[in-house]
Every structure is written in C-alpha cells, then in structure tokens.
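1. compute the structure for the input listed below.
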Amino acid sequence: MAKGKPKLAASADELIDAALAIALENVTEFRLVKSGKSPGLFASAAGVGKQAIMAATTGPEPLLEEVRRIKTAVMVRPTAAGIARGLARHGAQGSEALFRLAAQLPPERMIPVARTWLGAQPEPERAGILVELVARLGTHGAELVRGVREDEERARAAEWDAVRTRHEALLSYHRSAQLRAEDDARRHAAATQSFEELLRAVAAPVAAPEVKPTPPPTPPQPAARQLPDPGPEDLDFRRAAVEEMVETWHVAVQGRTPDAQYLLECMLRNMPGVERIGEGGQPTTFDPARHESVEFFDTGAPVVVSAPGWLLQGEHAPYVVRKAVVQAP
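-> Have a look, this model is predicted:
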C-alpha cells in the first residue's frame with residue numbers, strides 16, 4: 001500500500017497525475033479512495049475527486065483498472081496507459097523509471113507498458129531504450145521486439161492510409177474543377193452562338209411590305225371561342241424562352257453591344273409576365289431573393305442597383321431568371 005497521500009489539486013487532471021505518481025512507487029494494487037486512516041489514491045470520491053475517478057477508470061483507454069474488492073473498498077492498479085502517462089511526467093528520467101518497473105512488473109504487464117512508452121518516443125531514443133529493456137526482460141525480450149515491430153508497421157500503415165486519403169481527395173477536387181471549367185466553357189459557347197445568331201437576324205435586310213388591295217367588307221362573324229388558360233407545358237416553354245433571351249441579353253451587356261442590348265430589352269419588356277428588377281443607379285433595399293452582390297448585406301440594408309435583373313411572373317410565385325447586382329451606396 002502507498003505510504004504517501006494524494007496531493008490536493010485544483011483540477012481532475014492534477015488529481016489523476018498525483019494518484020499515478022503514488023501508484024508508480026509500487027505498481028501492485030492500491031485502495032482507490034481513502035477511508036479513515038486507510039490511505040488511497042484519491043482523498044475523496046465527491047466533487048472534483050469524483051470527476052478524476054471517472055476519467056481515470058472509464059473511457060477507451062482507462063488509466064486505472066479494478067483488481068478486486070475488499071468489502072466496500074475498491075482495489076486498483078495502473079494500466080499500461082496509466083503507467084505511460086505517469087512515466088511521461090518524469091520527463092528525461094522517464095526511461096530510468098521504466099527500467100526500474102521492469103524489475104517489479106511481470107512480463108505480461110511489462111510488455112504492454114513498454115510498447116506504449118516506446119510508441120511515444122522519438123526514433124533516435126527508441127532503439128537504445130528497446131535494447132536495454134530486452135536485456136532486462138531476458139527470455140521475454142523477443143516478445144517485446146515482435147510487439148514493437150507490429151506497432152511500427154501499424155503506424156506506418158496508418159500514415160500511408162492518411163497520405164492515400166489526402167491524395168484521393170486532391171484528385172477528386174481537380175476532377176471537379178475540370179468538370180466545372182468544361183461546363184462553363186460549353187455554356188459560354190452556347191451563349192456566344194445565340195448572340196451571334198441574334199446579331200445576324202438584326203442585321204438582315206427587312207423586305208418592304210407588299211401592298212394588297214383592300215378586300216370587301218365581310219359580314220360579321222360569330223364570336224371567337226374563349227381559349228383555355230395556358231397549361232404547364234406552355235408555362236415551361238415560356239420560362240425556357242425567357243431564360244435564353246435573358247442569357248443572350250447578359251452576353252450583349254458583357255460584350256458592350258448597346259444596339260443588341262436595347263433590342264433584347266424591348267423584346268423582353270413586351271413579353272407577358274416579364275418584369276425588370278431595378279435600374280442602374282437606383283437605390284433600394286437588399287432582398288436576397290432578387291439581389292446578389294460580392295459584398296455581404298443584411299436583408300433590408302440600403303443598396304444601389306449596379307446591374308438590373310429579370311423575373312417572370314408565374315402561376316403561383318414570380319420566377320427570378322437573373323438577380324440584379326447591387327453594391328453599397
């Protein structure tokens with residue numbers, strides 16, 4: 001049993017370190033909590049002491065493990081992870097403390113402790129520590145060497161897996177970027193072709209209208225039958241036509257061709273349900289549904305329209321074909 005008392009600490013980590021320091025004096029078994037005159041690794045099982053006990057005895061790698069119970073007393077001993085943490089607090093003298101433990105622990109406990117400790121040491125120091133431990137373990141030294149090699153192979157495999165994962169992520173990113181660039185190029189080529197066709201249509205000569213004699217008046221005809229409202233197919237076609245014209249209008253704006261831009265604006269204004277979103281230089285308030293900007297604005301913030309947009313009034317709600325570009329006033 002330990003002769004000292006756990007150092008009173010202000011945090012759970014300090015209580016755990018103090019308990020491990022006591023446990024490393026004699027790595028057999030210890031009372032978990034002090035009771036009366038019987039010393040323990042922890043002075044109390046309440047408050048911060050309770051937090052420290054939970055952290056030290058639970059989790060994927062507990063630092064203390066239960067050995068047995070004597071009535072209500074829980075007897076524990078440090079695990080390989082607990083011994084490694086306690087040795088780490090010795091700093092440069094951690095290896096010397098490990099060598100002393102080799103004389104106290106049986107091989108089945110010492111080998112996991114040594115593997116855990118060696119795995120945390122730099123490569124230059126690891127070989128010397130391993131040679132000394134093999135000499136102290138005698139016939140069990142070969143088992144330690146095999147375990148250390150297995151740990152090193154697993155560590156290298158994990159490093160290669162991480163490198164392979166990063167490499168695959170980088171390749172995926174480059175493929176996505178290439179696909180986006182190809183899609184942008186196709187869209188630009190299609191818009192350019194539509195714009196060139198429109199320019200050719202505008203430049204084509206218009207034939208003079210043929211004058212025909214006025215036909216004699218015809219008797220009154222019966223009233224035309226009321227046509228039904230447009231169906232979903234008609235609405236989809238109109239939206240597709242407006243999207244194409246707005247895209248061509250945007251190409252004309254970017255290409256600084258005012259004649260084509262003016263013609264397209266006239267055509268869009270004459271289409272049923274098409275509305276312009278703002279005018280250049282017009283002050284307004286920011287609406288994320290109708291406005292876009294390279295700057296960040298809260299909804300309702302004052303802004304100025306730098307490039308207008310277009311929307312199409314739909315059956316249930318307006319459809320924004322191109323948002324207006326805004327900037328700070």
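2. now do the helix or strand bottoming out on mean pLDDT in the chain: which elements does it pack against?
-> Sorted by mean pLDDT, DSSP states H and E, the helices and strands of the chain end with helix 94-102, the least confident at a mean of 74. Other helices and strands packing on helix 94-102, by 3 or more CB pairs under 8 Å, 6 or more residues apart in numbering; DSSP states H and E, are helix 80-88, helix 107-119, helix 123-137. Using the backbone N, CA and C atoms, a C-beta is placed for each residue, glycine as well.
3. care to break the protein down by domain?
-> 1-89, 92-181, 232-327 (automatic domain parsing).
4. any chance of the ones you listed in TSV with mean neighbour count as columns?
-> Output for the domains of the chain, formatted as TSV (neighbours: other CB atoms under 10 Å):
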stretch	mean neighbour count
domain 1-89	17
domain 92-181	14
domain 232-327	15
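5. if we can go back for a sec, please produce CSV containing the helices and strands packed on helix 94-102, extended by distance to residue 174 and mean pLDDT.
-> Below are these laid out as CSV (distance: least, CB to CB, whole Å; pLDDT from 0 to 100):
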stretch, distance to residue 174, mean pLDDT
helix 80-88, 42, 79
helix 107-119, 36, 79
helix 123-137, 34, 79
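6. to residue 95, which of those helices lies closest?
-> helix 123-137 (5.3 Å; CB to CB).
7. redo the domains of the chain as a markdown table? Include distance to residue 195.
-> What follows is the domains of the chain, written out as a markdown table (distance: least, CB to CB, whole Å):
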| stretch | distance to residue 195 |
| --- | --- |
| domain 1-89 | 64 |
| domain 92-181 | 21 |
| domain 232-327 | 5 |
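8. which of those sits closest to residue 189?
-> In terms of CB to CB, the element of the domains of the chain nearest to residue 189 is domain 232-327, at 11.0 Å.
9. run the chain-centre distance for that closest one.
-> Averaging C-alpha positions (CA atoms, centre = their mean, to the nearest Å) puts domain 232-327 34 Å from its chain's average.
10. go on, stretch 84-99?
-> 38 Å.
11. CA atoms only: put that stretch into CSV for me.
-> Extracted C-alpha coordinates of stretch 84-99, given in CSV (Å, rounded to 0.1, in the frame of the first residue of the first chain):
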residue,chain,number,x,y,z
ALA,A,84,2.9,5.5,-19.6
ARG,A,85,1.2,8.8,-18.5
GLY,A,86,2.9,8.6,-15.2
LEU,A,87,6.3,8.0,-16.8
ALA,A,88,5.7,11.0,-19.1
ARG,A,89,5.6,13.2,-16.1
HIS,A,90,9.2,12.2,-15.2
GLY,A,91,10.5,14.0,-18.4
ALA,A,92,14.0,12.9,-19.2
GLN,A,93,14.1,10.4,-16.3
GLY,A,94,11.0,8.6,-17.7
SER,A,95,13.2,5.8,-19.3
GLU,A,96,15.1,5.3,-16.0
ALA,A,97,11.7,4.9,-14.2
LEU,A,98,10.6,2.4,-16.9
PHE,A,99,13.8,0.3,-16.3
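12. who's in contact with it?
-> With CB atoms under 8 Å, 6 or more residues apart in numbering as the test, stretch 84-99 has contacts from 16-17, 20-21, 23-24, 63, 78, 113-114, 116-117, 120, 125, 129, 132-133, 136.
13. again with stretch 304-322
-> With CB under 8 Å, 6+ apart, stretch 304-322 has contacts from 235, 238-239, 242-243, 246-247, 249-250, 253, 268, 273-284, 289-291, 323-329.
14. inside strands: which ones of these?
-> 274-277, 283-284, 291, 324-327 (DSSP state E).
15. any idea which of those residues is closest to residue 191?
-> Nearest to residue 191 out of the ones in strands among the contacts of stretch 304-322 is residue 325 (CB to CB; 17.5 Å).
16. show the pLDDT at the nearest residue in space to that closest one that is not next to it in sequence.
-> Excluding its sequence neighbours, the residue lying closest to residue 325 (CB to CB, 6 or more residues apart in numbering) is residue 307, at 4.0 Å. You'll see residue 307 listed with a pLDDT of 89.
17. I am finished for the moment; much appreciated.
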